[in-house]
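1. Here's a sequence, model it:
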Amino acid sequence: MGTKFCQSCGMPMIASEQFGKNENGSINEDYCSYCFQNGNFTQDYTMEEMIEHCAQFTDEFNKGNNTNYTKKEAIEEMKKFFPLLKRWQQQV
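-> Okay, here's the model as predicted:
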């Protein structure tokens, strides 16, 4: 099985603590622990707001992926990628 990506923010989820939790405490395999807890999204963001939120982690992303995106480039890439994620497909 390949790496799962949060269907809200696009974060790769590898370790069990990175996965969100359903209302009954079970692991939710679609969303990360930052985006989803107790069966609900942690923030009531629009896709555009989520992109702006995630853009603040561009340096961390670059370090972990050997990339060198500027914040503006990262936002442009997220604008292409996020509409493919489960949470945002219903808003597009």
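2. pull the helix or strand with minimum mean pLDDT from this protein.
-> Among the helices and strands of the chain, helix 58-65 carries the lowest confidence by mean pLDDT, DSSP states H and E, at a mean of 90.
3. Would you mark the buried spots in that one?
-> 58, 61 (16 or more other CB atoms under 10 Å). From N, CA and C alone the C-beta is placed, and that goes for glycine too.
4. what's the offset of whichever helix or strand comes after that helix from the middle of its chain?
-> Later in the chain than helix 58-65, the nearest helix or strand by DSSP states H and E is helix 71-81. How far helix 71-81 lies from its chain's middle: 13 Å, per CA atoms, centre = their mean, to the nearest Å.
5. What are the buried residues along helix 71-81?
-> 74-75, 77-78.
6. Would you state the helices of this protein in chain order?
-> 47-55, 58-65, 71-81, 86-89 (DSSP state H).
7. any low-confidence regions in this structure?
-> 1, 91-92 (pLDDT under 70).
8. For the residue of the chain most remote from its centre, give me its contacts.
-> Computed with CA atoms, centre = their mean, the residue of the chain farthest from its C-alpha average is Asn24, at 21.9 Å. Counting by CB atoms under 8 Å, 6 or more residues apart in numbering, Asn24 makes contact with Gly39.
9. Tell me how far it lies from Ser16.
-> Remark: distance between Asn24 and Ser16 (CB to CB, to the nearest Å) = 16 Å.
10. OK, contacts around the residue nearest to Ala74 when sequence neighbours are not counted?
-> Nearest residue to Ala74 in three dimensions, chain neighbours excluded: Thr58, at 4.4 Å (CB to CB, 6 or more residues apart in numbering). Taking CB under 8 Å, 6+ apart, we find Thr58 in contact with 69-71, 74.
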